[in-house]
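need a structure here:
(2 chains)
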Amino acid sequence: MLELQDISVIFNERTVNEKKALSSVNFQLQKGDFVTIIGSNGAGKSTLFQVISGAVLAKTGKIILNGKDLTSLPEYKRSRFIGRLFQDPLKGTAPSMTIEENLSLASQRGKHFSLKLFSHKHKQEMIDALKSLDLGLENRLEAKVGTLSGGQRQALTLLMATYVTPELLLLDEHTAALDPKTAQKVLSLSSKLIEKHQITTLMITHNMEDALKYGNKTFIMKDGHIIAYLEGETRQKMTVDELIHLYSTSTQDYNDKILLR
Amino acid sequence: MNLTIILGALELGGIFAIMSLGLYMSYKILNLPDLTVDGSFTLGCAVSAVFTAHSFPYMSLIFAFIAGTLAGIVTGILTTKFKIMPLLAGILTMTGLYSINLAVMGDKPNVSLLGCSTIFTPFDSFDPYHKLLLIGFFVLLICLFLYYFLRTQLGLALRACGDNEDMVRASSIDTDKMKILGLAIANGFVALAGAIYTQHQMFSDISNGTGTMVIGLASIIVGLTFIKKDKISYQLFAVVFGAIFYRFILTIALQLGLPSGYLKLLSAVLVVLAIASTNITRRKRKC
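Numbering: from 1, shown residues only, chains lettered A, B, ... in the order given. A predicted model of the protein is given here:
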């Protein structure tokens, strides 16, 4: 269960550039909830992710994940429980190391990094996991990750983020830099993994269709607030056009109506 | 060139190979240009000189290593906790170390070890190969250590840290700790090299460390230009090979009559040439 209580983030406080990126954000998610988040640039979506993952510290409020107070925990300690994917497919993997070494690092998440020698003990496990990606990576364990394509790297990052099942998964427009076909593949893969392991997930997207298609809840953000919560029946019955309408009326953001699809 | 000169070049090459292996940790593995080495090399020299003068030649190596480690930790803390740019942090530590090194040597700019027994003394019976054997043993030992260490889970995390910091932080690894650890080990080896250098040369000078960084870089880059393999074992070998090769170039230059004052210039030019050659060939391939 993830709970945010009264979270505020202010950038450049007490300067002319002061910006309230998040103001008193409150919400509660149950285990297995899959939330899609939409909102224009500067609405605070990424800041929300940063404050949950610890890259930015909250000015006020509390973040509680499964009974643990994360509010003042440093970023690297939070990542024991939180898996993250970024928009940039290059960010989630170490390019000059092999697929096997990358996965081996991912498999150590939350454990102590010991002086035990790196071994090929878990090779079969890794091969099985890579097979589920269906990208032909299972035969390329020894390949440097830098030689993979963006889509392959993002899929691998997804696998790494969920290799040790995280308590929370943050997907920050993780398919935005991929071509449409690969994007759909990575997305369906994500939702398959999320369903299989019942991972509580937050996903930022700019695609209204995906926002409705995936997950069981949708948040609309604007100016550091969550201005609409969609769930249950209202959400199920909603069409993409209705969502676009709701989005543009509630955010008074009519300009890019066509682009939103 | 006679045997003495060849042996001398090999010995010095071995000593600087140890230093280069240290620099390989910070420059290649962690991807941090660490200028502390100029200071920590002299620190190793100073500590070693003082202990050897009081006839503890072997102890001096251990204490020099520890002193170097501490210098690395200082630079590590400056970069990670105080967010000072790595280059500047190294320069700051190096500058501070100048005073500390002077203090260690009893406020004298140089210490002579003439007549003192050194780590090489017990092996005098193998003369003239005793120095080379002992230095070779140290190089081998450190190579084996690094070969093992860099393939452990911890070593893997360290390598990933120099490769992609975002990913490392997202894998619940403390990047700050990794950098401090890496810099500590790196400077420990650099100081160890300084300690052996002092006992080899039988004197320690406050300016011993000047240009160490460039020598190390030259060794690494020259070595990796010849041996282009990504496996750790090959890379370690390349660094050792580079250090010895580099020392031979300097020796040949000296034999050809280059005044010793020009050695530093030659080192700098060599680094430029090595880097330029790899980059120019790469551009050609792209076209």
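
can we go C-alpha only for contacts and neighbour counts from here?
Fine.

near chain A, which residues of chain B?
Neighbours of chain A within chain B, by Cα under 8 Å from any Cα of the partner chain: B:148-149, B:151-157, B:160, B:163-164, B:166-167, B:169-175.

Make a ChimeraX selection of the buried ones in these.
Restricted to buried positions by 16 or more other Cα atoms under 10 Å in any protein chain shown, the ChimeraX selection for the residues of chain B next to chain A reads:
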select /B:148,149,151,152,153,154,155,156,157,160,163,164,166,167,169,170,171,172,173,174,175
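
In helices, which of the residues of chain B next to chain A appear?
Among those, DSSP state H puts B:148-149, B:153-157, B:160, B:163, B:166-167, B:169-170, B:175 in helices.

Return the closest of the residues you listed with respect to B:Ile232.
Among those, B:Tyr148 lies closest to B:Ile232 (Cα to Cα), at 9.6 Å.

can you pull the contacts of the closest one?
A:Leu117 (Cα atoms under 8 Å, 6 or more residues apart in numbering or on different chains).

Any figure for the gap between it and B:Leu141?
11 Å (Cα to Cα, to the nearest Å).

got it, and A:Phe49?
For A:Phe49, the distance to B:Leu141 - Cα to Cα - is 47 Å.

These two: which is more packed in?
Remark: of A:Phe49 and B:Leu141, A:Phe49 carries more neighbours, 19 against 13, as counted by other Cα atoms under 10 Å in any protein chain shown.

Spell out the secondary structure type for the one residue in the stretch 151-261 of chain A that gets nearest to chain B.
Taking Cα to the nearest Cα as the measure, the stretch 151-261 of chain A has A:Ala161 as its residue closest to chain B, at 7.9 Å. Classification of A:Ala161 by DSSP: H, G, I helix; E, B strand; the rest coil places it in helix.

what's the nearest residue to it if we skip its chain neighbours?
Using Cα to Cα, 6 or more residues apart in numbering or on different chains and skipping the chain neighbours, the partner closest in space to A:Ala161 is A:Gly83 (4.8 Å).

ok, which stretches of the stretch 1-150 of chain A are helices?
All helices of the stretch 1-150 of chain A, identified by DSSP state H, counting those that start in this stretch, fall at A:45-53, A:75-78, A:99-107, A:123-133, A:150-163.

ok, A:Ala143 - how many residues close by?
A:Ala143 has 17 nearby residues by other Cα under 10 Å.

State the distance from it to chain B.
12 Å (Cα to the nearest Cα, to the nearest Å).

Next, the contact list for the nearest residue in space to that residue that is not next to it in sequence, please.
Leaving aside its chain neighbours, A:Ala143 sits nearest to A:Thr98 (5.2 Å; criterion: Cα to Cα, 6+ apart). Going by Cα under 8 Å, 6+ apart, A:Thr98 touches A:Leu141, A:Glu142, A:Ala143, A:Lys144, A:Val145.

who does A:Thr98 bridge with?
Per DSSP bridges, the residues bridged to A:Thr98 are A:Lys144.

pLDDT value on it, please?
Listed pLDDT for A:Thr98 reads 90.

Same check on A:Gln252?
We have a pLDDT of 68 for A:Gln252.

And for the one 5 residues further on?
At A:Lys257 the predicted local distance difference test score is 50.

cool, and A:Gly83?
90.

That one is in contact with A:Asp172, isn't it?
No. A:Gly83 lies out of contact with A:Asp172 (Cα atoms under 8 Å); the separation is 11.0 Å.

higher neighbour count, these two?
Between A:Gly83 and A:Asp172, counted using other Cα under 10 Å, A:Gly83 has the larger neighbour count: 28 against 21.

now do the same end-to-end measure for stretch A:161-168.
Rule used - Cα to Cα; the end-to-end distance of stretch A:161-168 is 10 Å.

for that stretch, the distance to its chain's centre please.
11 Å (Cα atoms, centre = their mean, to the nearest Å).

what's the answer for stretch A:206-217, then?
Chain-centre distance of stretch A:206-217: 14 Å, with Cα atoms, centre = their mean.

all strands of the chain, in order?
Picked chain A for this. Per DSSP state E, chain A carries strands over the ranges A:2-11, A:19-29, A:34-38, A:60-65, A:68-69, A:82-85, A:168-172, A:200-204, A:217-222, A:225-231.

not what I meant, chain B
Using DSSP E, strands in chain B cover B:110-112, B:203-205.

and A:Leu141, how many neighbours does it have?
Applying other Cα under 10 Å, we find 18 residues neighbouring A:Leu141.

ok, it to chain B distance?
15 Å.

How about A:Asn102?
Note on A:Asn102: its distance to chain B, by Cα to the nearest Cα, is 8 Å.

Skipping its backbone neighbours, what lies nearest B:Tyr197 in space?
Looking at B:Tyr197 with Cα to Cα, 6+ apart, the closest residue is B:Ile15, at 6.4 Å.

distance of that neighbour from chain A?
According to Cα to the nearest Cα, B:Ile15 stands 27 Å off from chain A.

Serialize the helices of the stretch 1-150 of chain A to a markdown table and add fields for distance to B:Ile66.
Shown next, in a markdown table, are the helices of the stretch 1-150 of chain A (distance: least, Cα to Cα, whole Å):
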| stretch | distance to B:Ile66 |
| --- | --- |
| helix A:45-53 | 37 |
| helix A:75-78 | 28 |
| helix A:99-107 | 29 |
| helix A:123-133 | 39 |
| helix A:150-163 | 37 |
